[in-house]
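>>> Coordinates for the following, if possible.
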Amino acid sequence: MKDASTEPERLILPTLETPTLTKAEMAEMLFDRIGLNKRESKDMVEAFFEIVHDTLVEGRDVKLSGFGNFNLRRKAPRPGRNPRTGESIPIKARNVATFHASHKLKALVQGDAPPPEDNE
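Residues are numbered from 1 along each chain as shown. Got it, this is the predicted structure:
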């Protein structure tokens, strides 16, 4: 039998709805934890997402060690169907962005790994 004090605490959500972290909340966390002013915090979050966005638009993948990878994938054209009328409609080929979480992130989310040390 395992000692409960050595097991990582698991997050149990009261509903199926998952809380969402927004860009504004990320900027606030940078302000609180690192000490950047609010404008610098907001600009840093915006710059990060702009770099990720622009890199994907250029057709390149984004790899964030310990977090995961954003990949571009080409979806082939395929036949589709209008669910209301049943009419067959061709779906054009397209590029889609996908995200694959790293093994470290998956383990943290599942509660199988201890959370990283806080840098405060």
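>>> what about residue 111, neighbour count?
Residue 111 is flanked by 14 other residues according to other C-beta atoms under 10 Å. For every residue, glycine as well, the C-beta is placed using N, CA and C.
>>> Residue 97 is in contact with residue 69, isn't it?
No: here residue 97 lies out of contact with residue 69, judged by C-beta atoms under 8 Å, at a distance of 10.6 Å.
>>> Look up phi and psi at the residue positioned nearest the centre of the chain.
Residue closest to the average C-alpha location in the chain (C-alpha atoms, centre = their mean): residue 99, at 7.0 Å. With angles defined as degrees, to the nearest 10, residue 99 sits at phi -120, psi 130.
>>> Against residue 45, how distant is it?
18 Å (C-beta to C-beta, to the nearest Å).
>>> what does the domain assignment say about this protein?
21-60, 61-115 (automatic domain parsing).
>>> ok, the residue nearest to the centre of the chain - contacts?
Going by C-beta atoms under 8 Å, 6 or more residues apart in numbering, residue 99 touches 68-71.
>>> out of those, who's nearest residue 24?
Of all those, residue 24 sits closest to residue 70, with 21.7 Å by C-beta to C-beta.
>>> Just the buried positions in the host helix or strand of residue 53, please.
Residue 53 belongs to helix 38-57 when elements are defined using DSSP states H and E. Using 16 or more other C-beta atoms under 10 Å as the test for burial, helix 38-57 gives 41-42, 45, 56.
>>> who touches that helix?
23-24, 26-28, 30-31, 34, 36, 61-62, 70, 72, 97.
>>> pLDDT of it, averaged?
The pLDDT scores in helix 38-57 average 96.
>>> need the next SSE after that helix, C-terminal direction.
strand 62-64.
>>> who does that next one touch, helix- and strand-wise?
helix 38-57, strand 68-75 (3 or more C-beta pairs under 8 Å, 6 or more residues apart in numbering; DSSP states H and E).
>>> Output the below-cut-off pLDDT ranges for the protein.
By pLDDT under 70, the weakly predicted segments of the chain are 1-18, 117-120.
>>> and if we set it to 50?
1, 119-120 (pLDDT under 50).
>>> about what we covered before: separation between the residue nearest to the centre of the chain and residue 89?
Shown here: residue 99 relative to residue 89, a distance of 28 Å by C-beta to C-beta.
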